[in-house]
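Undergrad: my questions are about this predicted structure, shown below with the sequence.
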Amino acid sequence: MRKSAEILLTQQMTIGYKQGNKVRKVLQNLNLSLYRGELVCLIGPNGAGKSTLLRSIAGLLPVINGMVLVEDKPSGMYSSTELAKKISLVLSGSQGVNLKIEELVEMGRIPYTGWLGKLSEADDEMVHNALEITGTQKFRNRNFQQLSDGEKQRVMLARALAQDTPVLLLDEPTAHLDIPSRMEMMLLLQHLAHVMNKAILLSTHDLHLALEMADRIWLLTDDGNIHTGLPEELLMDESFQKAFHKEGFQFDSETGHFRVKSRQTGMSLKVSGDKNTVYWTQKALVRKGFTLDQEEPEGVITIDGKDEHSVWVVEAKSGFSQQFYSLETLLAGLTEYAEQSLPV
Amino acid sequence: MGRIYYLLFILIIIGFITDLMTGSVPIPAGEIIRILWSGESDNQAWVYIVEKIRLPKALTAILVGCGLSVGGLQMQTLFRNPLAGPSELGITSGASLGVAAVMLSGGGSAGIAAIHQLGLSGSWLVAAMASLGASFIFLIVIFMAGRLKDHVVMLIVGVMISTLTMSLISIWQYFSQPEQLQAYIFWTFGSLGGVMGAQLVVLAVAVASGILLAFVSSKALNTLLLGEEYAQSMGLTIGRTRLLILLSTCLLTGSITAFCGPVGFIGIAVPHITRSLFNTSDHRILIPSTCLTGALVMLICDILTQLPGFQSILPVNVVTALFGAPVVIWIIISRNNLRSSFL
């Protein structure tokens, strides 16, 4: 991997809100680094301070202590226009504006234009490229309000790209999007980081995508700590699992998904037969609280036939034996039997 | 877009001449043009009426229309609130407070007539006090806006501030002389007449500088369309921009309110009409076109105050409300992109 250059770092930064004389600190003494060419995902439970962190880095919120260095210079030393040429921002939720897509993306050139905001040829070129990369060229003449949520998010990204900054901060760019649009958005961001050598920091609730696509993870925990590292490192040292620990759920480190912890009431079962049917039968059984056991099961389910012609034959050690002609009746029958045979 | 500009221009010229024609003494269009062109007419009285009364009044109408509309446009963008306007957020009542301070406390010599007698310095005094009063309320509203993100709540607060200011004025009125009271009440009806000579110059200078300021901040206003956070991330200094908009709006609202009374509805209605006419949110286009639309609407309102058959003239405030309130309701009901321009 090519050696990446550090573009932004925070030194002993404390962030939070000031209200009058009261200071509410959200996160303290942060020392974080952002590198060019890297896609970093900021994750953490609700209320851990993801948005506050992004806004503080962007300079929208004054930091309480410490500082943000952009290209080795404190961000406070930049004029607001100069800083706008270093860091661009995509906020969550779509802003309602009655603008054409092209006009909206042109707004990204605001830090570069004169007092009346007239675009030069170079500006036009930049806008054109931003539209092209994000695939929003085709609706450049449509109104922002006519677009879907996914398209709106891409347009807002195009605006940030037109701003032509080495650092790009995004607050939950995948929220409100359906799964294909999320994938598309993340792939696009990965491309921007890896190919266009931008430093991209985004907050997200989508752990699965974050673990899969991020070059680095910033993990915020409830107690105000922040763990940084490769996704795999955070999984290995269990910080992930700890951060999202909650009663009734378990974090599946293999898939990055949460699973509802099932009530272990049923018996242990072994399922055999057509591979596909077995897979989905097992899933359903686990959901209903049965456990799977290949070696010493209390009961065996043999599946005859496949797809809609399947027959589930249950034979338990206790002597219970029955045939079921659908998955639903199988689950109902087994649950009923398990409840009857439970020790009182 | 160019075609709408031409159309507006022609309509304004027609409106201007019609406004000069109408009044207690109807004057034919041909004579009006002749008087404007050469200053001569067969009827010497007509020359006097046009030059001394109707021409200043029509010019005032244009200034008021431009100024209030541009003020409203800026406020709607700054607060991201479609229902913002000088009178809706209490800015006009702030200006009224300033005017009341001059009129009602000026001993026995106050009143419109007295202000007119004070001449140029008096005009400046009233205009400055009205602008000060307007900025005072504007500052309160800006402070509130930082805390209240909800449009409706913001509007209610505006109405409350208005009521508060009005009751302050009422207390003042209660302890005033009858003549002062009468002058003040007449002033609140609003009038485009009576702004002449030096005062017209003062008003014109104030309105022109307000509009110029607004035009200078048109890029900043555009930047604000995406909300303050985006604007800041694109390098806009919010504080400076707010100050510029405050200055412009208060200059416009203050000076107009001082000379013509609290004129309602123009500030809120005209920007909406303009946005739907030109179908854009770009302030580089909106500011000049709002001026044109505002001037036209105000000329029409002025014509309606002196409908033929009526001997007396209706207060202009009554007409703008009669005309403006239905327009605002129509806008809210019919235009579904009203919400989309903001929120």
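TA: Nice, I can see it. What you see is a predicted model; the values in this text were computed from it and never measured.

Undergrad: list the contacts for A:Thr10?
TA: Counting by C-beta atoms under 8 Å, 6 or more residues apart in numbering or on different chains, A:Thr10 makes contact with A:30-33, A:57, A:66-69. Where you see a C-beta, it was placed from the backbone N, CA and C, and this is true even at glycine.

Undergrad: find me the pLDDT at the residue of the stretch 101-250 of chain B found nearest chain A, would you?
TA: Residue nearest to chain A within the stretch 101-250 of chain B: B:Gly235 (3.3 Å; C-beta to the nearest C-beta). Note on B:Gly235: pLDDT of 92.

Undergrad: which residues are in contact with the strand or helix carrying B:Pro271?
TA: Using DSSP states H and E, B:Pro271 falls within helix B:266-278. Contact partners of helix B:266-278, identified using C-beta under 8 Å, 6+ apart, comprise A:98, B:1, B:4, B:64-65, B:68-69, B:71-73, B:75-76, B:82-88, B:253, B:281, B:285-286, B:289-290, B:293-294, B:297-298, B:301, B:320, B:324, B:327-328, B:331, B:335, B:337-338, B:341.

Undergrad: let's see it at 7 Å
TA: Helix B:266-278 is contacted from outside by B:1, B:4, B:65, B:68-69, B:71-73, B:76, B:83, B:85-88, B:281, B:285-286, B:289-290, B:293-294, B:297-298, B:320, B:324, B:327-328, B:331, B:335, B:338, B:341, using C-beta atoms under 7 Å, 6 or more residues apart in numbering or on different chains.

Undergrad: cool, stretch A:187-207 as well?
TA: Outside stretch A:187-207, the residues that reach it (C-beta under 7 Å, 6+ apart) are A:7-8, A:34-43, A:50-51, A:54, A:134, A:166-174, A:182, A:210, A:213, A:256.

Undergrad: and that stretch, what's buried?
TA: For stretch A:187-207, burial by neighbour count (16 or more other C-beta atoms under 10 Å in any protein chain shown) applies to A:188-190, A:192-193, A:197-204, A:206-207.

Undergrad: now A:Lys25: phi and psi?
TA: The phi/psi pair for A:Lys25 (degrees, to the nearest 10) reads phi -80, psi 130.

Undergrad: burial of the closest residue in space to it that isn't next to it in sequence, as a residue count?
TA: Excluding the flanking residues, the one nearest A:Lys25 by C-beta to C-beta, 6 or more residues apart in numbering or on different chains is A:Gly16, at 4.1 Å. By the criterion of other C-beta atoms under 10 Å in any protein chain shown, A:Gly16 has 20 neighbours.

Undergrad: go ahead and confirm A:Gly16 touches A:Lys22.
TA: No. Counting by C-beta atoms under 7 Å, A:Gly16 stays clear of A:Lys22, with 10.0 Å between them.

Undergrad: for A:Leu334, see how far away the closest residue to chain B within the stretch 51-200 of chain A is.
TA: Nearest to chain B in the stretch 51-200 of chain A, going by C-beta to the nearest C-beta, is A:Ala84, at a distance of 3.3 Å. Using C-beta to C-beta, to the nearest Å, A:Ala84 is found at 63 Å from A:Leu334.

Undergrad: for A:Leu327, same thing?
TA: For A:Leu327, the distance to A:Leu334 (C-beta to C-beta) stands at 11 Å.

Undergrad: neighbour-wise, which of the two wins?
TA: Each of A:Leu327 and A:Leu334 has its neighbours counted (other C-beta under 10 Å); A:Leu334 has more, 26 against 16.

Undergrad: quick check: which element contains the more buried one?
TA: Assigned by DSSP H and E, A:Leu334 falls within helix A:327-341.

Undergrad: now that helix: average pLDDT?
TA: Mean predicted lDDT for helix A:327-341 stands at 84.

Undergrad: run through chain B and note the low-pLDDT ranges.
TA: With pLDDT under 70 as the threshold, chain B has low-confidence stretches at B:1, B:105-123, B:148-152, B:308-310, B:331-332, B:334-343.

Undergrad: 50 instead, please
TA: Applying pLDDT under 50 to chain B picks out residues B:107-111, B:338, B:340-343.
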